[in-house]
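1. one predicted model, sequence on top.
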Amino acid sequence: MHNLPIELVKEIVDNVSDTPDLFHLRAVNSTCRDLVDPNLFHRICIGNSVKSAQNVMQIFASPSLAPFIHEVVYDPRDNHPFLLLRSSDAEACCDELEIAELEEALTETFTSLSNLPNLQSVTLNFWPSFISQSGVETRDHPFWFTSRQLTVLHSVYHAMKNNSSSPSPYPGIRSLTLNNVVMMPAASYDFVRSLKDSPLTQLSISVVSNSELFAWSGSKSLNGSVQALLPIPNGRLTSLEIKSPRGLYHSPSAQFSTHTYPSLKSLVLENIVLDHTTSMDGVEAFILRHKNTLKKLEMRSCVNYIQSMSNPLRRWATIWEQLREELTELEEVVVDDGGCGYAVLNTSEGYIPHAALADSTPGLLQDDEQSLKDFCECVSARAASSL
């Protein structure tokens, strides 16, 4: 390795992706270290433990390593089950002193994001468990799980606010992804509104479904409005995702009327329940306010809430027709096979899909499907004509 041409060594380094192998290469000599560091420290993962947070903090504090960091991911877990404990089951699982030490370590680490001059992307994955200092995965009490979410979020926004007020040419974090969020009351997110000049161009919010929260807490009203996490309107945001991958999310108190993003090009909605009335606060009005800029609209497993089983106030056919007529700049539309459905309010389970609607209103679904087909074909034709 010592006598190999630098070009060949670089070729070897560029084709190694395994982290332990990169650390071994880094230890060979200073030349290998200099070639390895940009790849090795491009993406930093922070585990949900005091030890991991402290180790990463040392990397953040290194003047030679900090410039290589472009992406930070909190608590990545592949194929890990998301399971919320009931409050009564979690009482014996939590050491409050250890949890306080974890929150302190995470706060120090995430507020230091402002020291990373080339950081572009942050992904926060919230899981209802953490790794204790003895190395054991420990399930969370609901209070501590939501408290840690707010702690980490607040720390990240503190770092973004520090960057926005600094004279440095560093543009700040551009992409923020939040997974497994439990929406707390809007007042809990005052730090979002305090960031007057958000640097974000991409924001993805994945919320915990109503059914999961009901099974966890016994309350169907725990999930607050996702609107509390939306940045103050600005001309930077180009991509917005609001998702609830494991079930329906309904937020009747959402007030989108105050949110318009002049540069928004892509909007993704998944498992979102549209309210039964049309207003400037609703999801439809939010979409239509961006008709001059939207290029991509993705709606997966979204449903309309209907109060009456026999006479839906709003039909998807009507919605698709309006979107077809007004979204004249749209180049791509993505909808699940079978289109979007309808939901009713179940007293024990919250908002659930309306399974019997096809039998009670025979022509409804066919009209919806035809209108969606017309919408998709119209968008495809417009996109083809613009080439």
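-> Arrived safely, thanks for sending.
2. list the buried residues of whatever helix or strand residue 73 lives in.
-> Assessed by DSSP states H and E, residue 73 sits inside strand 71-74. Neighbour-count burial for strand 71-74 flags 71-74 (criterion: 16 or more other CB atoms under 10 Å). No exception for glycine: its C-beta is placed from N, CA and C like everyone else's.
3. find the helix or strand that residue 37 is a member of.
-> helix 30-40.
4. check residue 298 too.
-> Under the assignment here (DSSP H and E), residue 298 is part of strand 296-300.
5. before we move on, the earlier item: and the helix or strand just after the helix holding residue 37, how far out from the chain middle?
-> The helix or strand immediately downstream of helix 30-40 is strand 43-46, counting by DSSP H and E. Here the centre of strand 43-46 is set off from its chain's centre by 17 Å, with CA atoms, centre = their mean, to the nearest Å.
6. how about strand 43-46: buried residues?
-> For strand 43-46, a neighbour-count test (16+ other CB under 10 Å) marks 43-44, 46 as buried.
7. as JSON lines, those residues with pLDDT and distance to residue 342 would be great.
-> As requested, the buried residues of strand 43-46 are exported to JSON lines (pLDDT from 0 to 100; distance: CB to CB, whole Å):
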{"residue": "43", "pLDDT": "95", "distance to residue 342": "42"}
{"residue": "44", "pLDDT": "96", "distance to residue 342": "44"}
{"residue": "46", "pLDDT": "97", "distance to residue 342": "41"}
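8. what kind of secondary structure is residue 82 in?
-> Here residue 82 is coil, with the state taken from DSSP: H, G, I helix; E, B strand; the rest coil.
9. equivalent analysis for residue 146, please.
-> Applying three-state DSSP: residue 146 is helix.
10. cool, the one 4 residues further on as well?
-> State at residue 150, reduced to three classes by three-state DSSP: helix.
11. that one: what's it in contact with?
-> Residues near residue 150 by CB atoms under 8 Å, 6 or more residues apart in numbering: 184, 188.
12. can you pull the pLDDT of it?
-> You'll see residue 150 listed with a pLDDT of 96.
13. now stretch 103-113: buried residues?
-> 103, 105-107, 109-113.
14. how about stretch 189-200?
-> Result for stretch 189-200 [16+ other CB under 10 Å]: buried residues 189, 191-192, 195, 198-200.
15. just to revisit the earlier point, switch the buried residues of stretch 103-113 over to CSV; also include secondary structure, pLDDT and distance to residue 340.
-> CSV is the format used below for these (DSSP: H, G, I helix; E, B strand; the rest coil; pLDDT from 0 to 100; distance: CB to CB, whole Å):
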residue, secondary structure, pLDDT, distance to residue 340
103, helix, 95, 40
105, helix, 97, 43
106, helix, 97, 38
107, helix, 97, 41
109, helix, 97, 40
110, helix, 97, 37
111, helix, 96, 41
112, helix, 95, 43
113, helix, 96, 37
